[in-house]
Every structure is written in structure tokens, then in C-alpha cells.
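Colleague: attaching a predicted model along with its sequence, questions to come.
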Amino acid sequence: MTGCQALEIDGLVLYANVISEQQEVALVDQLDARRWKEISGRRVQTYGGLPHEKGMVEVPLPDFLQRVCSVLTSAEIEGERGRLNIFDANSPPNHVLVNEYQPGQGIQHHVDGPCYEPVAAIISLGADTQMTFKTIDGKRAVTRVDLERRSCLVMSGDAYVQYMHGIEPVMRDCVASCEKCTSLQHEGETNDHHESCNECEYRARARRVSLTIRRAKKRKGFGIKLSNT
Ligand SMILES: O=C(O)CCC(=O)C(=O)O
Ligand SMILES: [Fe+2]
């Protein structure tokens, strides 16, 4: 595992290499052996249940996803190694949304919303991509983050509630802006030059699979509420 990088927005942190190359291949193989659901513009798989504002009825995660989730969850036993502290052992993740993007596909800017506890961890598999963060009104791009394969991007705090995130549906990402584009960005222009400028340096998109790991709010039991009075 290598270091983590705090990004421009409060609560936005990128961890590099949270899994090995072998784990990456094995995970994609395991997912490809399962059923993908076509939705508009990409394919998905959903594990853990149906998130709902009133809470989710939990369906246990398959073992291979549970193992990934435990890497992100603080150790229950002192001395357990190789764990990140993104989720607390007392409230571990219970939901994994798997997204598959082919080159040219993306996800519209959105907030993850109130069905989940306000922490999302996104593990990238198979290829790098770029995620952009916009102000909540969707008008201004604030930052672009390079999501390298095998990295984990964590959004909490402001990054979860104050900004929208999304992936442009493009065939290549700008990885080094030319001077002109850089100055436009500094002036607050959006990053519309993704595919258009001949001076910038680009990286071609390839098939990417991502795991969005969260804790969906749990459905409260139907038990009798005990009063303190
Ligand atoms: O695939 C990604 O990196 C983003 C997914 C996402 O934003 C989501 O599942 O809510
Ligand atoms: Fe999201």
C-alpha cells in the first residue's frame, strides 16, 4: 500500500494502491461471472440491499466483496495489519454499487444523498479515469481528480454534502493542460476542453469497473421503543 493524498476539497482523500494487481484481476473476474444490469449509459451490479431514506433491509455482501470492505474498515483486533480507517468497525460498510464504464461512458454529476451515512469509498479497477467535482448548483467545476486503477477515493464531510461529483462521458481525459487551458481553468471556466485542445496531453479511456462502498442507513427495527421516563 502507498500513501494517501488530501485533495482540494475538505473531506476528499485519495489512497493509492489499496489492492494488489492480482486482487484487481480476481475482483473483475468475479464480477464478470455475475449478472450485469444495463442502465442508461453504463452497466451496474448492486450488493447489500435496496438503500432507502427510511433505511435499508440488509442483505449480506458476498464474501469476495466483504473482504474488500474489511480492508477499508478499522481493525477490530489490535495488531490487525493493512487496514485503512475509512469506516469504523462498529458501523462497517454494508452496500456496494458496482459500475462499469466503457470508453465514452460516464456518470452525471450528482450527490450520493441521504440514504447512506455520509462517507463513500470508490475503488477503481481495470483503468484510470478522471472525476470532476462541481459546486452543488452544478455550474462551476471545482477540481478534477485522477482516479488511478487500484486507488480508493474517499468522500466525506464537505466532499459528500457540498459538492457534486461525476465522470464526463468522453473517450480520453486531459492529464496535462496546456498553458491556455490552465489559465482558463484558473479563471473559473469549466473543463470543457476534455477532448478538444490539440496542445493538451491526453490519456485514452479503457474499460473501468468501480466499487462504490458505503454504509446505507439501516432500517429501524419494529421492536418496542423503551422510554427513559
Ligand atoms: O464510478 C465512479 O467512480 C463513481 C460512482 C458514483 O459516483 C456512485 O456510485 O455514486
Ligand atoms: Fe456518487
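Modeller: Arrived safely. The structure presented is a predicted model; accordingly, all values stated were derived computationally and were not measured. Ligands and ions are numbered 1, 2, ... in the order given.
Colleague: need the contact list for the nearest residue to Pro62 once chain neighbours are set aside.
Modeller: Spatially, and ignoring its direct neighbours in sequence, Pro62 is nearest to Tyr47 (6.5 Å; CB to CB, 6 or more residues apart in numbering). Every C-beta, even on glycine, is put in place using the N, C-alpha and C of the backbone. Listed by CB atoms under 8 Å, 6 or more residues apart in numbering, the contact set of Tyr47 reads Val59, Leu61, Pro62, Leu65, His95, Val96, Leu97, Val98.
Colleague: now for those, which sits with the most neighbours around it?
Modeller: His95 (26 neighbours; other CB atoms under 10 Å).
Colleague: could you report the pLDDT at Leu97?
Modeller: Leu97 carries a pLDDT value of 98.
Colleague: oh, that last question was meant for Gly188, not what I typed.
Modeller: 59.
Colleague: now do Cys197
Modeller: As predicted, Cys197 sits at a pLDDT of 82.
Colleague: quick check: it touching Glu179?
Modeller: No. Cys197 is not in contact with Glu179 according to CB atoms under 8 Å; the separation is 10.8 Å.
Colleague: for these two, list the residues in contact with both.
Modeller: With CB under 8 Å, 6+ apart, Cys197 and Glu179 have no common neighbours.
Colleague: quick one: which of the two has more around it?
Modeller: Each of Cys197 and Glu179 has its neighbours counted (other CB under 10 Å); Cys197 has more, 16 against 9.
Colleague: can you confirm that one is in a strand?
Modeller: No. Counting by DSSP: H, G, I helix; E, B strand; the rest coil, Cys197 falls outside a strand, being coil.
Colleague: contacts only, for it.
Modeller: Cys174, Ser177, Cys178, Lys180, Cys181.
Colleague: using TSV, lay out those residues together with pLDDT and neighbour count.
Modeller: Rendered in TSV, the data for the contacts of Cys197 read as follows (pLDDT from 0 to 100; neighbours: other CB atoms under 10 Å):
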residue	pLDDT	neighbour count
Cys174	89	21
Ser177	84	18
Cys178	86	15
Lys180	81	12
Cys181	79	20
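Colleague: filter those down to the ones in helices?
Modeller: Among these, the residues falling in helices (DSSP state H) are Lys180, Cys181.
Colleague: now the two most distant members of the contacts of Cys197.
Modeller: Pairwise distances across the contacts of Cys197 (CB to CB) peak at 12.2 Å, for the pair Cys174 and Lys180.
Colleague: residues from the chain in reach of ligand 1?
Modeller: Leu97, Asn99, Ile107, Asp112, Ile122, Met131, His165, Ser210, Thr212 (CB under 6 Å from any ligand atom).
Colleague: mind doing that once more with 8 Å?
Modeller: 97, 99, 101, 107, 110, 112, 120, 122, 124, 129, 131, 147, 153, 165-167, 208, 210, 212 (CB under 8 Å from any ligand atom).
Colleague: what residues does the helix ranked longest in the chain touch?
Modeller: Taking DSSP H as the criterion, the chain has its longest helix at helix 21-32. Under the contact criterion CB under 8 Å, 6+ apart, helix 21-32 has outside partners Ile19, Gln45, Phe64, Val68, Val98, Leu125, Gly126, Arg149, Arg150, Val209, Leu211.
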